[in-house]
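Engineer: need a 3D model of the following:
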Amino acid sequence: MKKYTREFTAVLAVALVLAVLAVVSLFVGSYPLSIGEIGAILTGQLKDGMAVRVFWQLRLPRMCMGLISGLSLGVAGGVYQTIFRNPLASPDLTGVASGASLGAACVIVLGAGASGEIMAGAFLMGMLALGLVLFLVRAARLERTGSYILAGVVVSALAEAGLMSLKVMADPERELAALEVWTMGSLAAITACKVVLPAITVAVCLGLLLLFRREVLMLSLGEESARSMGLDPVLWRALLLGVTTLMVAAVVSVTGVISFVGLIAPHIAFLLLGRRGGPYLPMCGLVGGAVLLCADLLARSISQGGAELPLSIFTVLFAAPVLVALLCRKGDRYGGDA
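Structural biologist: Sure, this is the predicted structure:
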């Protein structure tokens, strides 16, 4: 009974923190909105003016995209860490985020700026990066937990080389600055029209991952154990990693690469819950949303020359103490050698 009380309390507390951050994010920005203005907008008393346009076209879409991005990256990190049985597995360190970023950047430089085209490019390159990681691990015959991270570093390095090449070819006046911001993540350019497609994609992917969270846990027991329970590990690993990669690509195609959210959210969720069953994946999403909204609030509040700082500056700072704690922790609960 105590276990379920702890889980309910933890989920409720994080959900309340996330709700508070979401509400606060509606007020903070270069054009501040008051409680009275937002109340008048929501009740229909204020139907025109700058405040209305800022709220509906910029502030609300930005908050929604922050929630969507944080939920997606947090759950993706939880899925990767569970399936790979590695506490360092995440969209960043497995090469998926870098690959998706390269794909999106390729589409931008080629001049195709539609949201669907950017997402398709991000997904294809993200899947290619993930497939290359799995191939390298299999080819080396070193299917230990740390091997996936080493292969992810290799793939990320290749993707970074591709991004550098694109920066050389990009138009310095238009495309280069966009690519620089892209590699560090930002919600500054989010508008209402940019949220719809990622929101639909993420909703479907999150629904599938939460529906199949039992299969995610079964894969964490190893291939032999999964087969003994009637699960085809190859098929289910491909399905779950494909869905997760599509979800990450949907976010990266709009926000760029936001570092380490998918790495630290699962560790904080595990610390709060004490296990990876039950509400673990939803908790990863809630923590990821809270981390990203907090970083976005800081990015809005601390500007440099009128321009917002990239989100990854703050998410990396948040990740540092978590990584130090992980480094100091004795043993690996996944039983690996990461």
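
Engineer: could you say which helix or strand holds Val75?
Structural biologist: Element membership for Val75, per DSSP states H and E: helix 60-84.

Engineer: mean confidence score for that helix?
Structural biologist: Taken as a whole, helix 60-84 carries a mean pLDDT of 94.

Engineer: helices or strands up against whichever helix or strand comes after that helix?
Structural biologist: Per DSSP H and E, the first helix or strand lying C-terminal to helix 60-84 is helix 96-109. Helix 96-109 sits against helix 115-140, helix 145-169, helix 175-182, helix 233-255, with contacts defined as 3 or more C-beta pairs under 8 Å, 6 or more residues apart in numbering; DSSP states H and E. Bear in mind the C-beta positions are built from the backbone N, C-alpha and C, glycine included.

Engineer: right, and Gly78 touches Leu286 too?
Structural biologist: No: using C-beta atoms under 8 Å, Gly78 is not in contact with Leu286, being 11.0 Å away.

Engineer: where are the low-confidence patches of the stretch 1-150 of the chain?
Structural biologist: Where the stretch 1-150 of the chain drops to pLDDT under 70, the residues are 1-3, 112-115, 142-146.

Engineer: spatially central residue in this protein, please.
Structural biologist: In the chain, the C-alpha nearest the mean C-alpha coordinate belongs to Leu73, at 2.1 Å (C-alpha atoms, centre = their mean).

Engineer: so that one is in contact with Ser259, correct?
Structural biologist: No: applying C-beta under 8 Å, one finds Leu73 not in contact with Ser259, separated by 9.7 Å.

Engineer: if we can go back for a sec, to His267, which of the helices and strands packed on helix 96-109 lies closest?
Structural biologist: Closest of the helices and strands packed on helix 96-109 to His267 is helix 145-169, at 14.9 Å (criterion: C-beta to C-beta).

Engineer: may I see the buried residues of that closest one?
Structural biologist: 145, 147-152, 155-156, 158-159, 162-163, 166-167 (16 or more other C-beta atoms under 10 Å).

Engineer: cool, and stretch 4-11?
Structural biologist: Neighbour counts using 16+ other C-beta under 10 Å place 7, 10-11 of stretch 4-11 among the buried residues.

Engineer: one more: stretch 22-35?
Structural biologist: Across stretch 22-35, burial judged by 16+ other C-beta under 10 Å covers 22, 25-26, 29, 33.

Engineer: coming back round to it: Arg62 is nearest to which of the helices and strands packed on helix 96-109?
Structural biologist: Comparing the helices and strands packed on helix 96-109 by C-beta to C-beta, helix 233-255 comes nearest, at 10.3 Å.

Engineer: after the closest one comes which helix or strand?
Structural biologist: Downstream of helix 233-255, the first helix or strand assigned by DSSP H and E is helix 261-273.

Engineer: any weak-confidence spans in the stretch 151-300 of the chain?
Structural biologist: 173-175, 177-178, 181.

Engineer: if we can go back for a sec, just give me how far the helix holding Val75 sits from the chain centre.
Structural biologist: 4 Å (C-alpha atoms, centre = their mean, to the nearest Å).

Engineer: kindly report the same for stretch 120-136.
Structural biologist: Worked out by C-alpha atoms, centre = their mean, stretch 120-136 lies 16 Å from the chain centre.

Engineer: now that stretch: buried residues?
Structural biologist: Quick answer for stretch 120-136 (16+ other C-beta under 10 Å): 120-134, 136.

Engineer: from these, pick the one nearest Ser228.
Structural biologist: Distances from Ser228 to these, taken by C-beta to C-beta, are shortest for Leu134, at 22.5 Å.

Engineer: from Leu241, how far off is the closest one?
Structural biologist: Distance, Leu134 to Leu241, by C-beta to C-beta, to the nearest Å: 8 Å.

Engineer: over to Val75?
Structural biologist: 13 Å.

Engineer: between the two, who's got more neighbours?
Structural biologist: Val75 (33 against 23; other C-beta atoms under 10 Å).

Engineer: wait, which of the buried residues of stretch 4-11 is closest to Thr82?
Structural biologist: Closest approach to Thr82 among the buried residues of stretch 4-11 (C-beta to C-beta): Glu7, at 17.0 Å.

Engineer: so after the helix or strand containing that closest one, what's the next helix or strand?
Structural biologist: Element membership for Glu7, per DSSP H and E: helix 2-25. Following helix 2-25 in sequence order, the next helix or strand is helix 35-43 (DSSP H and E).
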